[in-house]
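structure for this input, please:
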Amino acid sequence: MSYRTALSEVLTSVVAPAAELAAVRGRFPRAAVTALGRARLLGLTVSTSYGGGGQGLPEAAEVVARTARVCPAVAAVLGSHYAAVAVIEAYGGSWVRTEIAAGRHLSSLTLAETEAQSETQGEDDLLAPHSSAVRSGDVVALRGRKHRVVAAGEADSYVWSSRPLAASDGLTLWGVPAHAPDLFVPARPQGAGPYGSGTSTVFADPVLVPADAMLGADGAGLDIVRRTALPWLRELGAAWSTGVGASQGVGVTTPRAAVSLASS
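Sure, this is the predicted structure:
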């Protein structure tokens with residue numbers, strides 16, 4: 001079955017019937033995410049060698065745009081997931097890539113550290129994190145807060161940015177499991193991101209991760225964000241806007257949080 005056929009079936013049978021719960025009640029679309037995983041759409045962009053769909057950014061953007069016509073919240077979750085997976089696919093380990101490919105793992109990109117960063121959508125603001133990283137042996141303590149994180153408290157992992165451990169400049173990226181102790185998600189504020197997308201702040205106070213959770217080299221995250229994450233964020237954000245605009249018959253300005261673009 002092609003990914004387009006699989007998407008059509010999930011949109012009709014699961015996403016559309018539950019869209020009102022997200023749009024009106026703000027309920028996170030867990031059933032839709034589960035169905036997208038079972039249809040192997042969460043793993044659309046993972047390499048076929050890990051069981052994924054082997055597709056790229058154009059196909060991911062198509063999925064986000066089509067989904068946004070039916071449920072903006074689900075599309076925002078997918079956008080943040082695909083942006084995070086772009087980084088994980090390039091620098092993550094085999095286990096997490098296999099889990100994503102199998103549809104058992106939802107990720108989210110977390111970059112922005114102030115509300116102002118999220119609201120102004122200034123990309124430069126995403127490239128100078130204040131979050132700290134301190135290594136002790138094989139363990140790294142991450143401390144900081146990330147704003148406007150899509151699927152906060154719902155994702156299985158987060159791609160997290162911090163200041164470098166030892167490099168003189170740049171930033172460093174980490175794969176942070178959602179079950180890590182002292183990773184805290186407060187009550188979701190009203191109006192944060194597309195209603196139902198689970199957009200909120202995530203705190204690390206601190207969170208301990210193994211040193212090998214680093215994605216790429218220490219300090220190399222700046223180039224990774226510029227060359228990988230931001231192009232995906234821009235393209236998926238435009239796809240989200242196009243899909244929502246088509247459903248409403250008007251042009252829509254893409255909110256940073258919407259696509260996790262809010263990753264903040």
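
my read: E62 touches A238, true?
No. With contacts defined as Cβ atoms under 8 Å, E62 does not count as touching A238, sitting 11.8 Å away. Where you see a C-beta, it was placed from the backbone N, CA and C, and this is true even at glycine.

point out where the protein drops to low pLDDT.
When the per-residue scores of the chain are filtered using pLDDT under 70, the ranges that remain are 114-126, 187-192, 248-264.

mind listing the strands for it?
Ranges of strands within the chain are 107-110, 132-136, 139-149, 157-162, 172-177, 183-184, 200-210, 214-215, based on DSSP state E.

not counting sequence-adjacent ones, nearest residue to G52?
Nearest in space to G52, with sequence neighbours left out and distances taken as Cβ to Cβ, 6 or more residues apart in numbering, is V46 at 2.6 Å.

hmm, back to that, and the strands of the chain as CSV, adding distance to R40 and mean neighbour count?
Putting the strands of the chain into CSV (distance: least, Cβ to Cβ, whole Å; neighbours: other Cβ atoms under 10 Å) gives the following:
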stretch, distance to R40, mean neighbour count
strand 107-110, 15, 32
strand 132-136, 34, 15
strand 139-149, 25, 23
strand 157-162, 18, 28
strand 172-177, 21, 24
strand 183-184, 28, 18
strand 200-210, 27, 20
strand 214-215, 23, 21
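
distance to E20 for those strands - can I get that in a markdown table?
Output for the strands of the chain, formatted as a markdown table (distance: least, Cβ to Cβ, whole Å):
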| stretch | distance to E20 |
| --- | --- |
| strand 107-110 | 24 |
| strand 132-136 | 42 |
| strand 139-149 | 24 |
| strand 157-162 | 28 |
| strand 172-177 | 32 |
| strand 183-184 | 30 |
| strand 200-210 | 21 |
| strand 214-215 | 37 |
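
nearest to P194, out of those?
strand 139-149 (11.1 Å; Cβ to Cβ).

so which elements touch the closest one?
Contacts of strand 139-149 with other secondary structure elements, assessed using 3 or more Cβ pairs under 8 Å, 6 or more residues apart in numbering; DSSP states H and E, are made with strand 107-110, helix 115-120, strand 132-136, strand 157-162, strand 172-177, strand 200-210.

gap between the fifth one and the chain center?
Remark: strand 172-177 is offset 12 Å from the chain centroid, using Cα atoms, centre = their mean, to the nearest Å.

for that strand, packing partners?
Based on contacts counted as 3+ Cβ pairs under 8 Å, 6+ apart, the elements that strand 172-177 packs against are helix 72-91, strand 139-149, strand 157-162, strand 200-210, strand 214-215, helix 221-224.

with that, I have no additional questions.
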